[in-house]
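[1] fold the following, please.
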Amino acid sequence: MNGVEHRGFQPQMTLKYCQGRARLAQTVFGWGRENIELGLGEKRTGIICVGLQSTFSTAKLCQQKQPVVALSLRQIAESDSQQDPTFKTSLVYTRLTATSALEKLKEQGFSQEQLPCASTMVQVLN
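    Numbering: from 1, shown residues only. Predicted coordinates for the structure are as follows:
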């Protein structure tokens, strides 16, 4: 769920299980009280608050920084992918780990500077 969907879900659960009390919902569910209060306000007024984080973020995704590496990674992941064994969905699965993907990319001749770090590679593979 993104921010707006999450803030829509939290007040529903707060109203249903915590009598609309944000502090109780914070204790019971472990959510941030400020987010719950914002969601309750959005629900009460019908006005959705939109953040500007993505507008001011100048960081590019690693796929945008290194499109050739991204293409090679896609080919590596596709070669290690397999169909869902039940054939009930069209999803494919891969057991490719971030470290093995980085090793295979290094074998293809990419330098360490061109490759993302291991934690970024985990996010890309997911």
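[2] show me what the helix or strand containing residue 124 is in contact with.
    Using DSSP states H and E, residue 124 sits within helix 118-125. For helix 118-125, contacts defined as Cβ atoms under 8 Å, 6 or more residues apart in numbering pick out 62-63, 70, 73, 77, 94, 96-99, 101-102, 115-116. Where you see a C-beta, it was placed from the backbone N, CA and C, and this is true even at glycine.
[3] inside helices: which ones of the residues you listed?
    Of the contacts of helix 118-125, the ones assigned to helices by DSSP state H are 62-63, 70, 73, 77, 98-99, 101-102.
[4] can you redo these as JSON lines with pLDDT, neighbour count and distance to residue 32?
    Output for the ones in helices among the contacts of helix 118-125, formatted as JSON lines (pLDDT from 0 to 100; neighbours: other Cβ atoms under 10 Å; distance: Cβ to Cβ, whole Å):
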{"residue": "62", "pLDDT": "73", "neighbour count": "19", "distance to residue 32": "29"}
{"residue": "63", "pLDDT": "76", "neighbour count": "14", "distance to residue 32": "30"}
{"residue": "70", "pLDDT": "84", "neighbour count": "16", "distance to residue 32": "34"}
{"residue": "73", "pLDDT": "85", "neighbour count": "25", "distance to residue 32": "35"}
{"residue": "77", "pLDDT": "82", "neighbour count": "16", "distance to residue 32": "35"}
{"residue": "98", "pLDDT": "85", "neighbour count": "18", "distance to residue 32": "30"}
{"residue": "99", "pLDDT": "87", "neighbour count": "11", "distance to residue 32": "34"}
{"residue": "101", "pLDDT": "86", "neighbour count": "23", "distance to residue 32": "34"}
{"residue": "102", "pLDDT": "88", "neighbour count": "18", "distance to residue 32": "35"}
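[5] which other residues reach stretch 78-94?
    77, 95-96, 125.
[6] quick one: which of those is most hemmed in?
    residue 96 (18 neighbours; other Cβ atoms under 10 Å).
[7] what's the weakest-modelled helix or strand in the chain?
    helix 53-56 (a mean of 68; mean pLDDT, DSSP states H and E).
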